[in-house]
Structures are given as structure tokens and as C-alpha cells.
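Visitor: please work out how this folds:
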Amino acid sequence: MIVLVLFGFLVHHSIALKPNVLMVMVDDLRPALGVYGDDNAYTPNIDKLARKSFVFTNAFAQQALCAPSRNSLLTSRRPDSLHLYDFYSYWRDSVGNFTTLPQLFKDHGYYTQSIGKIFHPGISSNNTDDSPYSWSGKPFHPRTEKYKESKVCMTAKGILARNLICPVIVDAQPGGTLPDLESLAEAEKFLKEYKDEKPYFLAVGFHKPHLPLKFPVEYLEHHRGEVVLPVNRWRPSFMPTVAWNPWLDVKNRDDIKELNISFPFGLMPDNVTKEIIRNYNAATSYIDDLIGSLLEKIDNNTIIIVTSDHGWSRGEHGEFSKFSNFDVATHIPLIIHVPRLSNTEIIIPQLVELVDLFPTLVDLTQIVPTLEICNKNGSNLILCTEGHSLVPIMVSKQAREGKKAVFSQYPRPGAFPSEIPDSDKPRLKNINIMGYSIRTTRYRYTEWIKFNHTTFMPDWSKVYGKELYDHLIDALENMNLVTRPELNDLINSMHKQLILGWRFS
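Guide: Residues are numbered from 1 along each chain as shown. You can find the predicted model right below:
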């Protein structure tokens, strides 16, 4: 039915059945954009794209960590299906030879090209960005990427440091440029020189605003005004310790180390939080500028996607970075422009997930028939989806009911935050607890339960913590209501939905 509806639309509007595809991935980008109502954002180019696109206001990642989230998006499989919760396994070797999104396009008449960070570099993509399976050309990585953890941030004392907050003069940087500037130049070169008759699938991954917050200093000019602090910048009283993200990646930066914040529950000073927010917004404006330059080179027969791998906490709950199941860590922007299908801004409030992007692009381009849902018995393991196409809610002129719920998860080594092993980024061998979270239109419910990292099986009988947040009265997820006896029926219902999982949502 989906294909028939879309086919009728395409024929009626004489759109080529094989449009180009541009997928822009922005690392660690929460919906801190003008189009999403962020008053402190300066993102004119993404906002301009949104005015002729589908804007999904309730889109969520499956895990708030780069490699698991990206592999989940690119295979349309959830972390439990990929057995990937860290950075150190490659699904083709460890689980199955699953087809990726760019691989499917490559195998069906598209030239596919990766520029910047699409797959997470390293073991999780076989140290090749999943080449040659996924890409027609050699994936491009900026040469200045090797300086991403170098001491290149000028301090007030006139010395170079490995800081979190790091506005820079570009000409003074090693190589005289920055990784995202190199990626933009490579993408523009590709678009200028591409002459093949095949349509292209171009994936461009920008690194910022991933830490360090390193960007050209001039972008701070857009953010000289007063910064509004999160109203919920303290650890909630009834938050279980297992849920806490001690933000070690932030604390290990030279400028934050100097603050001597106690581990694990010490708070960031308000003045520093303000500067983190300001510089995060400036880094986002920098990427918005690059996206604007890129979009100027795109023709009118190109599907455009702008999204992120996960969100980023900026002091909410007293936390920073990702590494949790809260909305601020899992909620992501998702903007999809389809030529002549979206000529104005179309807000879509239904719950959607990053695993939905793969089947959506299949239906929009019709390169293969609508994907089947992956079976538990594995009979369609190579090419199937653990998401749902978004096309029905995009093409329907009447509001359609979306998913009843979306799902995320996050692993922990133990019930109390630790530095060794790292609570934020535990390796598989140290994962003993999994936090499974279900998000409905009104509630977020999370259970932290025993997890066997050898069999990849959860033990729902051993619970280390529970969380229930009611977005009707607590949109910031600040009041854990799980101990309220009058809510026991609701909690039991959410518990059952969580165990049943995404197949029944």
C-alpha cells in the first residue's frame, strides 16, 4: 500500500523515480535549532531547509553513543540485534552479514560516497567505514582529524591545552584548517565533478558540535547575549544512581580538570555551564554555515536528510554529554526534504526513530520493494528492518497515528558510577546492567536490569533501578514518579510494554 500511494504521487508530479540522496549527519546535535524553537540558536540555513521539508519533532536515537547509534541507523537494526553497545565489534563478523543503507543503494544503481564521519571510524566499521560493501568510492576522512584530541586550544595564560571550550583562529591550527572545513570542500568537489549517469547517495558527516567545542572563533559573534541556564541543573532526588552519567569525557578536559569537580556527583559551576552552552551553540552555527554552503550545490532532484546520531546534555539533571536514556540524550533533529513532496514546512509530531530512516528512503526511492520487518527466527536476516517507513505519515493529508512508543537503551558496568570501568562508555566485557527505556507521547519509563554480556540476554527479575517521568506535568524529566503507589497499575503496564519491545509498539 505504501508503494502504491507513493508511486501515484510520483507519477502525478513527474518526479524521477531515482532521485539523488544527500544524507547529512551532525555529530552530537540535539535539537538546538531555530526550527525546533531554541531561542538561543542561530541556524538560518537549516531553518531555511526546514521551511520546505518534513520536520519530525519527536525523533529518537536507539542509544546515546556514536558507534551503536550510527550502526543502528545504517543497518536499521537495534543495538541488541547488533550486539554493539561500545566501539569494539563489527556486525558482519560478530552477528550477521546485514545489508547497510548505502550498500543497498550501491547494489541498486546508485554511486555511494562517504565524506567525514558517517560510520564511526574504527573496529565497529572494520576500520574501513564498511568498505567495499557500502561505498562505491573510497571514504574520505579529513587529514586534520588526527589533531582532534591535540593541545590546540589557547588559554588565558597563553599556553595550548586540550580543552572542552576551544574557539580557534583557523589559520593558526595545524594544517591551517579544520576537519569539517575539509569535509565541506571534499563534498563540494564531489558535487562539482560528479558526471556519472547513476544517481548518487552522498553521506556527509560533520564532527561538531561533538567535543571538543573547537570552531572558528568568529561564530561566537552570533552568541554574545545572555545564556539561559537549564532550570533542572541538579541531580533529581529520586534518580537511581545507576542512571547517572558522570560525564567523564567532559571532566577529563584540561579546562574542566582545573575546576576540581568531585566524582561522581559534583556540579558544574553556573558560569562554566553558560560558556559550554554558548560555545555549543556557536559550534552548531558553524556547522549550519557549512550545511548552507553544501545545500547551495544541490539540485532540485535530491532528497535531503539532516539528522544526528543522538543528543547532548548541557547541564540538565546536572549532567553533560550523552550516555543516558533521558530525552536530552536521545532526542534528535530529523529533517527530510523530498522534491515537490515537501514545498512547505510540514511538522510531524508522531514518535519516530532513527531505525525508521532506512525503510523510509527505500520507499521514497523505490529501489526495492517495501522492506519486511525482521523476523525473530532470522528467516529474512540479510535485508529487513527493525523500523517502520515514515512515508505513510509523510504523504497522508490526514493525521495518521504513528508508533505507540519508541525505545532506547544504555549499558552500565555497575549500579554506582565508576571511573574504572568507565560508567559512561563501558566495554562489552564490563557491561552487567542494561537500562531499557520506553518513550510514549506522555511517559518515559526505564528499568535498569541485570544483563549477561556473553549471552546478550537481559534478566528482568534483577532490577537495579526504575524511572517514570510524566511529560504532561514534567517535560524536563525531573520528577521520578516510580515510587508513587497510586501509579502502580501504570508502572505495571509500562513494564509489560517494555518487555514486549518495539515489535508491539
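
Visitor: rounded mean pLDDT for the helix or strand harbouring Val55, please.
Guide: Secondary structure assignment for Val55, by DSSP states H and E: strand 54-60. Mean pLDDT, strand 54-60: 98.

Visitor: and the next helix or strand past that strand?
Guide: Next element after strand 54-60 (DSSP H and E): helix 66-75.

Visitor: list the buried ones in the strand holding Val55?
Guide: Residues of strand 54-60 classed as buried: 54-60 (neighbour count, 16 or more other Cβ atoms under 10 Å). Placement of C-beta: from N, CA and C, glycine included.

Visitor: show me which of those residues is closest to Lys274.
Guide: Thr57 (26.4 Å; Cβ to Cβ).

Visitor: just give the closest residue to the closest one, not the sequence neighbours.
Guide: Pro349 (5.2 Å; Cβ to Cβ, 6 or more residues apart in numbering).

Visitor: quick one: residues contacting the residue nearest to Ser308 when sequence neighbours are not counted.
Guide: Distance criterion Cβ to Cβ, 6+ apart; nearest residue to Ser308, sequence neighbours excluded, is Leu29 at 3.8 Å. Leu29 makes contacts with 209, 284, 287, 308, 311-312, 332-333, as judged by Cβ atoms under 8 Å, 6 or more residues apart in numbering.

Visitor: what of Pro68?
Guide: Contacts of Pro68 by Cβ under 8 Å, 6+ apart are 62, 79, 82, 84-86.

Visitor: tabulate the residues you listed (a markdown table), appending secondary structure, neighbour count and distance to Val242.
Guide: Listed next are the contacts of Pro68 as a markdown table, based on DSSP: H, G, I helix; E, B strand; the rest coil; neighbours: other Cβ atoms under 10 Å; distance: Cβ to Cβ, whole Å:
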| residue | secondary structure | neighbour count | distance to Val242 |
| --- | --- | --- | --- |
| Gln62 | coil | 29 | 19 |
| Pro79 | helix | 24 | 18 |
| Leu82 | helix | 25 | 23 |
| Leu84 | coil | 29 | 21 |
| Tyr85 | coil | 25 | 15 |
| Asp86 | coil | 20 | 18 |
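
Visitor: nearest to Arg442, of those?
Guide: Using Cβ to Cβ, these come closest to Arg442 at Gln62, 20.6 Å.

Visitor: the closest one is in contact with Ser408, isn't it?
Guide: Yes - using Cβ atoms under 8 Å, Gln62 makes contact with Ser408 at a distance of 5.7 Å.

Visitor: return the distance of Lys403 relative to Phe60.
Guide: 10 Å (Cβ to Cβ, to the nearest Å).

Visitor: give me the common contacts of the two.
Guide: With Cβ under 8 Å, 6+ apart as the test, Lys403 and Phe60 both reach 351-353.

Visitor: can you tell me the closest non-neighbouring residue to Val217?
Guide: For Val217, the closest residue by Cβ to Cβ, 6+ apart turns out to be Pro167, at 3.9 Å.

Visitor: and the next element down the chain from the host helix or strand of that neighbour?
Guide: With secondary structure defined by DSSP H and E, Pro167 is part of strand 165-168. Using DSSP H and E, the helix or strand that follows strand 165-168 towards the C-terminus is helix 179-193.

Visitor: and that next one, what's buried?
Guide: 179-188, 190-191.

Visitor: so what strands line up beside the longest strand seen in the chain?
Guide: Looking across the chain with DSSP state E, the single longest strand is strand 457-470. Sheet pairing of strand 457-470 (DSSP bridges) gives strand 443-452 (antiparallel).

Visitor: what's the partner strand in contact with?
Guide: Outside strand 443-452, the residues touching it (Cβ under 8 Å, 6+ apart) are 240, 242-243, 325-327, 411-412, 415, 431-438, 457-471, 477, 490-491, 494-495, 497-498.

Visitor: centre of the chain to that strand, how far?
Guide: 20 Å (Cα atoms, centre = their mean, to the nearest Å).
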